[in-house]
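Colleague: Got a sequence here, can you model it:
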Amino acid sequence: MAAVQLGQYAPAEKILVHLSDTHFLADRAALYGAVDTDRTVHRAFEQLHRSGIRPDALILTGDVADRGEPDAYRRIRGIVEAAAAQWDATIIWVMGNHDRRESFRSVLLGAAHPRDPNRAEGEPPVDQAPVDQAPVDQVHDLDGLRIIALDTSVPGYHHGEVTDEQLSWLTEVLAQPARHGSILALHHPPIPTPLPLMSVLELHDQPRLAAVLAGSDVRAILGGHLHYSTQGLFAGIPVSVAAATCYTMDLSAPERALTGVNGGQTLNLVHVYADQITHSQMPIGEFTAVTQFSTAVVDRLATLSAEERRQVFSRQQ
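Modeller: All right, here's what the predicted structure looks like:
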């Protein structure tokens with residue numbers, strides 16, 4: 001579908017769909033016995049297809065599976081790959097605290113497990129973490145827009161960390177600016193939360209990451225983990241957090257309570273322009289339309305001058 005330009009901004013150069021915290025379980029089990037995680041993701045992609053939006057990439061910022069079960073990964077991979085195929089979109093998977101690196105690598109990424117031929121079967125390399133437990137860090141290039149997936153998970157825990165080795169790696173990656181800049185995608189967002197219990201699970205030692213990012217070509221940071229949409233600033237870089245597709249946190253719950261509800265699920269639309277990036281929340285679900293302008297109206301407006309368009313929407317019309 002051709003983009004229609006009615007205002008002063010040209011169409012976005014890239015459109016990214018940012019989902020988070022799908023929390024799939026094996027055998028299509030309902031999360032907490034109440035949430036049909038598959039249905040929400042299916043519905044989200046149906047709405048995108050209906051909209052005519054053609055995303056360049058689908059980015060899932062962690063907690064893809066609730067328990068890291070291979071069957072859960074296989075199922076969501078099938079759903080996401082089928083959707084991505086409609087648009088020829090790149091899929092970018094990011095590790096979360098509920099994910100497990102071994103099955104994440106083997107099922108979602110289809111990655112082989114390289115082994116030093118000089119060591120015995122099952123023996124880890126000397127002075128190295130077993131390959132399955134190494135952080136799942138990746139770099140994707142979208143025609144000059146660089147997407148960096150940084151694994152902030154800590155096996156066995158729910159808070160986030162970035163190791164010395166990861167910081168060195170990230171420094172090397174960012175040493176060469178990308179043609180259209182970079183976007184950093186991670187699970188634990190480096191911004192404050194108003195929920196006291198969530199702050200216990202935050203990304204630790206954030207100043208060290210800020211030192212690496214300061215002055216780099218990173219234009220935006222995408223995160224998840226919090227189960228509600230929020231924005232902030234880190235090292236001078238805008239941070240956008242996508243609410244979960246499974247359940248969301250009730251920010252109106254009593255003070256000191258942490259309440260997840262089966263409602264308010266959204267995904268984010270990330271529009272990348274030459275000089276800025278916007279982040280928009282798309283509610284997932286069926287809602288009653290109370291007003292609507294038809295495509296015929298839009299097509300008609302496209303033939304008018306800017307002043308004529310303003311007149312159409314003036315108080316006198």
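
Colleague: mind listing the helices for this structure?
Modeller: 37-51, 70-87, 101-103, 164-174, 196-199, 206-213, 295-301, 306-312 (DSSP state H).

Colleague: Could you report the pLDDT at the closest residue to residue 187 other than its chain neighbours?
Modeller: Distances taken as CB to CB, 6 or more residues apart in numbering place residue 62 nearest to residue 187, at 3.2 Å, with adjacent residues excluded. Using the backbone N, CA and C atoms, a C-beta is placed for each residue, glycine as well. Looking at residue 62, its pLDDT reads 98.

Colleague: For residue 62, which residues are in contact?
Modeller: 20-21, 94-99, 153, 186-187, 224-225 (CB atoms under 8 Å, 6 or more residues apart in numbering).

Colleague: Residue 195 too?
Modeller: Contacts of residue 195 (CB under 8 Å, 6+ apart): 226, 249, 251, 258.

Colleague: Give me the neighbour count for the first one.
Modeller: Using other CB atoms under 10 Å, residue 226 is surrounded by 25 other residues.

Colleague: Now that it has come up, it's in contact with residue 194, right?
Modeller: No - with contact defined as CB atoms under 8 Å, residue 226 does not reach residue 194; the gap is 9.9 Å.

Colleague: Could I get the full set of strands for the stretch 101-250 of the chain?
Modeller: 138-142, 145-149, 182-185, 218-223, 230-234, 237-241, 248-249 (DSSP state E, counting those that start in this stretch).

Colleague: Counting neighbours, what do you get for residue 164?
Modeller: Residue 164: 8 surrounding residues under other CB under 10 Å.

Colleague: quick one: it and residue 103, what's the gap?
Modeller: 26 Å (CB to CB, to the nearest Å).

Colleague: likewise residue 239?
Modeller: For residue 239, the distance to residue 103 - CB to CB - is 29 Å.

Colleague: Excluding chain neighbours, what is closest to residue 260?
Modeller: Nearest non-adjacent residue to residue 260, counting by CB to CB, 6+ apart: residue 247, 4.5 Å away.

Colleague: What number of residues are in the vicinity of the one you found?
Modeller: 23.

Colleague: Tell me how far it lies from residue 81.
Modeller: 24 Å.

Colleague: Can you tell me how far the residue nearest to residue 6 when sequence neighbours are not counted is from residue 282?
Modeller: Spatial nearest neighbour of residue 6, chain neighbours left out: residue 301 (5.7 Å); criterion: CB to CB, 6+ apart. Distance, residue 301 to residue 282, by CB to CB: 23 Å.

Colleague: Mind checking the strands of the stretch 101-250 of the chain for the one nearest to residue 44?
Modeller: strand 248-249 (13.6 Å; CB to CB).

Colleague: ok, residue 262 touching residue 247?
Modeller: Yes - the criterion here is CB under 8 Å, and residue 262 meets it with residue 247 at 5.3 Å.

Colleague: Common neighbours of the two, please.
Modeller: Joint contacts of residue 262 and residue 247 (CB under 8 Å, 6+ apart) are residue 35.

Colleague: could I get the strands of the stretch 101-250 of the chain as JSON lines with mean pLDDT and mean neighbour count?
Modeller: Converted to JSON lines, the strands of the stretch 101-250 of the chain look like this (pLDDT from 0 to 100; neighbours: other CB atoms under 10 Å):
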{"stretch": "strand 138-142", "mean pLDDT": "98", "mean neighbour count": "16"}
{"stretch": "strand 145-149", "mean pLDDT": "98", "mean neighbour count": "22"}
{"stretch": "strand 182-185", "mean pLDDT": "98", "mean neighbour count": "26"}
{"stretch": "strand 218-223", "mean pLDDT": "98", "mean neighbour count": "24"}
{"stretch": "strand 230-234", "mean pLDDT": "98", "mean neighbour count": "15"}
{"stretch": "strand 237-241", "mean pLDDT": "98", "mean neighbour count": "21"}
{"stretch": "strand 248-249", "mean pLDDT": "98", "mean neighbour count": "22"}
